[in-house]
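> Need a 3D model of the sequence below.
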Amino acid sequence: MRFVPRFTDGRSFPEPLGKIVCVGRNYAEHARELNNPVPSEPLLFIKPATSAVDLAAPIEAPFARGEVHFETELALLIGEPLSEVAPDQAEHAIVGIGLALDLTLRDVQARLKDKGQPWEVAKAFDGACPMSAFLPLVETPNWSALEFTLEVNGERRQHGLGADMLFSIPTLLAEMSRHFTLLPGDVVLTGTPAGVGELPRGASLCLQLTGGLAVETRVVD
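Numbering: from 1, shown residues only. You can find the predicted model right below:
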């Protein structure tokens with residue numbers, strides 16, 4: 001069943017989910033923990049709509065294909081077209097803020113990177129983007145103050161703060177819009193902080209975002 005973006009007040013977004021535009025290594029400590037260089041410009045990639053599933057539902061991960069890693073990210077729902085816009089224009093197109101997991105087949109990704117090949121199959125598989133409902137955005141927030149966490153079996157594993165992003169949210173959206181038009185129903189993932197790791201079978205997960213969003217889910221064993 002295709003994922004439908006919805007708000008925390010129960011409303012469905014009027015447009016279908018489009019592409020999911022992601023940024024890699026947007027937190028310096030995360031880049032370092034994976035022994036990757038800290039980028040001087042945003043590293044962009046795309047997940048298809050078919051990768052999205054409801055974050056509140058049990059997570060069915062493809063463990064048979066190797067290690068599956070969790071990466072918790074702030075998710076932004078786009079409400080109007082963006083093409084080659086300035087940062088201050090871009091931020092006003094955001095109509096909702098939520099959370100998502102960028103699930104990654106780490107073994108597969110490592111093999112592809114070693115060969116210099118694209119690694120979409122490690123990031124874009126069905127179910128690779130469990131996504132929450134979105135807090136409706138009625139005014140532009142203080143992006144630097146946004147804070148989110150992930151707990152795995154009651155232990156905090158990731159803590160993200162907007163102020164720690166290498167590239168701010170308005171800057172990211174403006175850069176994305178230079179390369180491809182963002183449309184209503186598209187979702188932007190803004191990068192993951194340090195603390196990524198292997199997704200444990202049978203684990204209980206709790207994700208929280210400032211503003212009152214909290215999601216509890218579990219991993220199918």
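> Can you find the helix or strand of this structure with the lowest average pLDDT?
helix 28-33 (a mean of 70; mean pLDDT, DSSP states H and E).
> quick one: buried residues of the helix or strand following that helix?
In the C-terminal direction, the helix or strand that comes right after helix 28-33 (DSSP states H and E) is strand 43-47. When burial is assessed from 16 or more other C-beta atoms under 10 Å, strand 43-47 yields the following buried residues: 43, 45, 47. The way it works is simple: take the backbone N, C-alpha and C, and place the C-beta from them, glycine included.
> Considering those residues, which is situated nearest to Val4?
Lys47 (16.3 Å; C-beta to C-beta).
> shouldn't the closest one be in contact with Lys123?
Yes: here Lys47 reaches Lys123: they are 6.2 Å apart, a contact under C-beta atoms under 8 Å.
> that's a helix at Arg160, yeah?
In this structure residue 160 is Gly, not Arg. No: using DSSP: H, G, I helix; E, B strand; the rest coil, the assignment for Gly160 is strand, not a helix.
> Run a quick neighbour tally on it.
26 (other C-beta atoms under 10 Å).
> The nearest residue to it once chain neighbours are set aside - how many residues pack around it?
Nearest residue to Gly160, sequence neighbours excluded (C-beta to C-beta, 6 or more residues apart in numbering): Pro193, at 4.1 Å. The number of residues packed near Pro193 is 25, by other C-beta under 10 Å.
> where does Pro193 sit relative to Leu82, distance-wise?
In this view, Pro193 and Leu82 are 25 Å apart by C-beta to C-beta, to the nearest Å.
> pLDDT below threshold where in the protein?
Along the chain, segments meeting pLDDT under 70 span 30-31, 33-34, 36.
> which one's the longest helix in it?
Longest helix in the chain by number of residues (criterion: DSSP state H): helix 169-179.
> Contacts for it next, please.
For helix 169-179, the external contacting residues (C-beta atoms under 8 Å, 6 or more residues apart in numbering) are 21, 23, 26, 41-42, 44, 74, 76, 82-91, 93-94, 143, 162, 165, 167, 182, 188, 190.
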